[in-house]
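>>> okay, predicted coordinates and the sequence, questions at the end:
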Amino acid sequence: MNELGITSWPVWEKEVSRFPWTYDEEEVCYFLEGEVVVEYEGGFVEIGPGDYVTFPKGLECIWDIRKPVRKHYSFR
């Protein structure tokens, strides 16, 4: 975390909800709290505290937030 400077990245928070999302640019993030299932064509991924995730540019998905989320994020 220190090498990447993750703790200096902004923090995003979101309550329990479900919504579509399209990534206009690549996003990397580190999840601090919460539980989310990200559904995409052909599958899904479950994400929770301690997970480091990269969402590629152009990804179309549905976020299903099951427990409120807090994450550090950075666009590339």
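On my side now, so go ahead. Numbering: from 1, shown residues only.
>>> only C-alpha atoms for contact and neighbour calcs from this point on.
Noted.
>>> what about the residue nearest to Tyr73 when sequence neighbours are not counted, which helix or strand?
Once flanking residues are discounted, Tyr73 sits nearest to Cys29: 4.2 Å by Cα to Cα, 6 or more residues apart in numbering. Assigned by DSSP states H and E, Cys29 belongs to strand 27-40.
>>> the residue nearest the centre of the chain pairs with what?
Relative to the mean C-alpha position of the chain, the nearest C-alpha, by Cα atoms, centre = their mean, is the one of Cys29, at 5.7 Å. Applying DSSP bridges to Cys29 gives these bridge partners: Val53, Tyr73.
>>> that one: what's it in contact with?
Going by Cα atoms under 8 Å, 6 or more residues apart in numbering, Cys29 touches Tyr52, Val53, Thr54, Lys71, His72, Tyr73, Ser74.
>>> redo those as a markdown table? Include neighbour count.
Below are those laid out as a markdown table (neighbours: other Cα atoms under 10 Å):
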| residue | neighbour count |
| --- | --- |
| Tyr52 | 16 |
| Val53 | 13 |
| Thr54 | 13 |
| Lys71 | 22 |
| His72 | 18 |
| Tyr73 | 20 |
| Ser74 | 15 |
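>>> all set now, cheers.
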